[in-house]
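Colleague: Sequence first, predicted coordinates after that:
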Amino acid sequence: MTKLIITAALTGGFHGKEANPNLPITPDEIAQSAYECWQAGAAIVHLHARDKQGKPTCDPQVYGEIVAKVKARCDAVTQVSTGAGPELTPDDRMMAIDAGAEMGSLNMGTMVRTRWGQNSMFLNTRPQIEMYAKKMLDKGMKPEMEVYSHSMMVDVENLIAKNLLKKPYYVNFVLGMSHQGALPAEPKHLLSLIDYLPDGAIFNVCAVAAGQLPLTTLSMLLGGHSRVGLEDNVYYAKGVLAKSNAHLVERTVRLARELARDPASPDEARQILQLGA
């Protein structure tokens, strides 16, 4: 099988140190966590930025500082998030792609967020998705298309039909994030979603909370790739907080090698994903 690309999702846009004191928040903390994950075997670091109050931000200066600090420490592929927190507008979220990263996340549909006591719309309309994809294409960035359910594959196909993506298409199946409308983190849903992948697609899997370990391991067996980290799961085991993002990456590396999926280096990940091509 192709070598396994491990992505470390370091921070996220929802919880803070109250969920796990080891969650990195500041640019220096995030860059150090990225370096530790790279040392442990991660090829990609998925980055979220926080302002000085610890709230999610897509300020390109903050993101630029994080990306620069990561690049100064290691050669991990940098992937910024255009998801961020609930207070940010679609235009705010797109500022992240000006930070000099090689990749950017791209949510493939509108969702209803239910976490904050009342429902709120997380808008990702078709025109917005097309605009985001075009801007990433113009910058030479590879979108990590985040798919929460089968219906979002329609917009993946739309981007392909409109020549807004380059092969290989990189699809990240997000499972278990119920407060954003994702399918449950169950094997049957992952197996079904894989059937909808277009020719020329590569898939990655991330799953939140207890679903992270079994679903990312299943992805290894199915020829996909895996994302782990404190953004998606603050625990190492039931009731046991993870010591760091690298703590979770180290376990994924051990499992991958047992399953004959050697972890890809950053440069091997760049080759698999054809970054910059």
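Modeller: All right, it came through fine. Numbers count the residues shown, from 1 in each chain.
Colleague: Show me what the helix or strand of the chain with the lowest mean pLDDT is in contact with.
Modeller: Ranked by mean pLDDT, DSSP states H and E, the weakest helix or strand in the chain is strand 120-122, scoring a mean of 79. With contacts defined as CB atoms under 8 Å, 6 or more residues apart in numbering, strand 120-122 is touched by 86, 107, 110-113, 180. Where you see a C-beta, it was placed from the backbone N, CA and C, and this is true even at glycine.
Colleague: Return the members of those classed as buried.
Modeller: The neighbour-count test (16 or more other CB atoms under 10 Å) marks 107, 111, 113, 180 as buried among the contacts of strand 120-122.
Colleague: And the furthest pair within the residues you listed?
Modeller: 107 and 113 (11.6 Å; CB to CB).
Colleague: what does the model give the most centrally placed residue in the chain for pLDDT?
Modeller: In the chain, the residue lying closest to the centroid (CA atoms, centre = their mean) is residue 46, at 5.3 Å. Looking at residue 46, its pLDDT is 98.
Colleague: can I assume it sits in a strand?
Modeller: Yes: judged by DSSP: H, G, I helix; E, B strand; the rest coil, residue 46 forms part of a strand.
Colleague: Quick check: it touching residue 81?
Modeller: Yes: assessed by CB atoms under 8 Å, residue 46 is found in contact with residue 81 at 6.6 Å.
Colleague: Excluding covalently adjacent residues, which one is nearest to the residue nearest to the centre of the chain?
Modeller: Leaving aside its sequence neighbours, residue 46 sits nearest to residue 9 (CB to CB, 6 or more residues apart in numbering; 4.2 Å).
Colleague: residues in contact with that neighbour?
Modeller: Residues near residue 9 by CB under 8 Å, 6+ apart: 46, 206, 227-232, 245.
Colleague: that older thread, need the residues touching each of residue 46 and residue 81.
Modeller: residue 105.
Colleague: can you give me the helices in the protein?
Modeller: 27-40, 60-73, 90-94, 126-139, 153-161, 187-194, 212-221, 245-258, 266-273 (DSSP state H).
Colleague: who's in contact with the fifth one?
Modeller: Outside helix 153-161, the residues that touch it by CB under 8 Å, 6+ apart are 108-109, 126, 129-130, 133, 145, 147, 165, 169, 171, 193, 196-198, 201.
Colleague: for that helix, which positions count as buried?
Modeller: 153, 155-156, 158-160.
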